[in-house]
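K.L.:
Below: sequence and its predicted model.
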Amino acid sequence: MIQLVRLQSLLLNLKNQRNEFQSEININQQNSMLIAGLKEVFIPVVNEIEIIEKYKQPKILLENSYQKAYENNPKYLAAIKIAESQELYLAWQKSMKIPDLTTGLAYDQRGGAFQNQLNITLGIPLAYRNQNKGNIKIANAELNKSYANKTYQMEELKSQIKLAWLAWERQKEQIEQITIAMDENLELVYRGVIENFRKRNISMLEFTDFLESYNLSIMQKNDIKKQWILSGLTINYITNEEIF
């Protein structure tokens with residue numbers, strides 16, 4: 001009875017893990033359908049060997065990826081445009097500090113000091129002494145704010161790329177430690193344990209312990225590969241460039 005309960009517990013755990021993976025797959029499928037504008041569920045076909053080879057080596061160095069981000073990242077480019085527009089706005093406000101002078105001619109036949117008097121008129125706004133100082137001050141403050149935001153966006157981009165790159169390097173090192181020989185040995189031991197359990201050469205406790213360890217090893221290995229690829233995709237996303 002104890003052996004049966006242990007097998008049932010192991011089976012229940014495996015089913016729960018399967019359901020969690022299936023839920024994650026369903027969410028990813030829904031997101032993909034929304035992004036691609038598809039109405040029917042699709043199952044992508046992925047060649048793991050090709051994916052691994054693609055993400056083994058970036059097309060450019062880390063230092064060059066910074067420049068790509070400065071050239072292509074929409075958020076950073078928007079910050080640049082905002083700063084440029086604030087520069088133009090400040091220049092416009094400064095141009096308004098010059099008083100708007102108006103001139104003209106006036107003819108007076110009898111009402112002036114002389115008959116048939118021709119006068120030259122000159123007009124100037126009453127608030128000319130203010131020289132638009134308030135608006136200029138506000139525009140200058142907004143310009144400094146846009147400069148600070150542009151600098152912040154640049155440093156944030158650089159930090160995001162560096163962190164993603166370090167994660168990619170760390171996970172690449174872990175992937176390289178998972179050699180083909182290790183995978184083959186794991187599968188060989190798995191088949192051997194299954195065969196020996198059928199022949200009753202190992203106990204139920206040894207069998208379930210091995211299956212739990214085997215299952216955990218497979219999940220950890222796949223998670224490392226997943227995080228490694230996501231790190232490369234993150235770098236592509238931030239730089240808006242296909243670096244991997």
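P.N.:
That came in fine, so what should we check first?
K.L.:
So what's the residue count around Leu62?
P.N.:
A count of neighbours around Leu62, defined by other Cβ atoms under 10 Å, yields 15. All C-beta atoms are positioned from the backbone trio N, CA, C, and that covers glycine.
K.L.:
Next, the contact list for it, please.
P.N.:
Residues in contact with Leu62, defined by Cβ atoms under 8 Å, 6 or more residues apart in numbering, are Ile161, Lys162, Trp165.
K.L.:
Of these - the most surrounded one?
P.N.:
Ile161 (21 neighbours).
K.L.:
Now do the strand or helix carrying that residue: which elements does it pack against?
P.N.:
Secondary structure assignment for Ile161, by DSSP states H and E: helix 133-177. Helix 133-177 is packed against helix 62-72, helix 74-95, helix 204-239, with contacts defined by 3 or more Cβ pairs under 8 Å, 6 or more residues apart in numbering; DSSP states H and E.
K.L.:
what's the following helix or strand after it?
P.N.:
Criterion used, DSSP H and E; the element after helix 133-177 is helix 180-198.
K.L.:
what's that following helix in contact with?
P.N.:
So helix 180-198 is contacted by Ile202, Glu206, Phe207, Phe210, Leu211, Tyr214, Ser217 (Cβ under 8 Å, 6+ apart).
K.L.:
number of nearby residues for Ile51?
P.N.:
When neighbours are counted by other Cβ under 10 Å, Ile51 comes out with 14.
K.L.:
ditto for Lys39
P.N.:
6.
K.L.:
Tell me, how many residues neighbour Gln86?
P.N.:
20.
K.L.:
And for the one 4 residues further on?
P.N.:
Each residue near Leu90 was counted by other Cβ under 10 Å, and the total is 19.
K.L.:
now the closest residue to it other than its chain neighbours: how far from Asn236?
P.N.:
What sits nearest to Leu90 in space, not counting adjacent residues and going by Cβ to Cβ, 6 or more residues apart in numbering, is Ala139, at 4.2 Å. Counting by Cβ to Cβ, to the nearest Å, the gap from Ala139 to Asn236 is 38 Å.
K.L.:
what bits of this structure have low per-residue confidence?
P.N.:
Applying pLDDT under 70 to the chain picks out residues 1, 98-130, 180-181.
K.L.:
switch the cut-off to 80
P.N.:
Residue ranges of the chain with pLDDT under 80: 1-4, 6-7, 42, 44, 46, 96-131, 178-184.
K.L.:
In stretch 57-73, which residues are buried?
P.N.:
Neighbour counts over stretch 57-73 (16 or more other Cβ atoms under 10 Å) mark Pro58, Ser65, Tyr66, Lys68, Ala69, Tyr70, Asn73 as buried.
K.L.:
and if you look at stretch 81-99?
P.N.:
For stretch 81-99, by 16+ other Cβ under 10 Å, it's Ile82, Ala83, Gln86, Tyr89, Leu90, Gln93, Pro99.
K.L.:
And for that stretch, what's in contact with it?
P.N.:
Under Cβ under 8 Å, 6+ apart, the answer for stretch 81-99 is 124-125, 128, 131-133, 135-136, 139-140, 142-143, 145-147, 149-150.
K.L.:
Pipe the contacts of Leu62 into CSV and attach distance to Asn196 per row.
P.N.:
Converted to CSV, those look like this (distance: Cβ to Cβ, whole Å):
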residue, distance to Asn196
Ile161, 50
Lys162, 49
Trp165, 46
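K.L.:
closest to Glu48 among those residues?
P.N.:
Trp165 (22.8 Å; Cβ to Cβ).
K.L.:
number of nearby residues for the nearest residue to Ile224 once chain neighbours are set aside?
P.N.:
Spatial nearest neighbour of Ile224, excluding adjacent residues (Cβ to Cβ, 6+ apart): Gln174 at 5.0 Å. Residues lying near Gln174 (other Cβ under 10 Å) number 14.
K.L.:
Cool, thanks, talk later.
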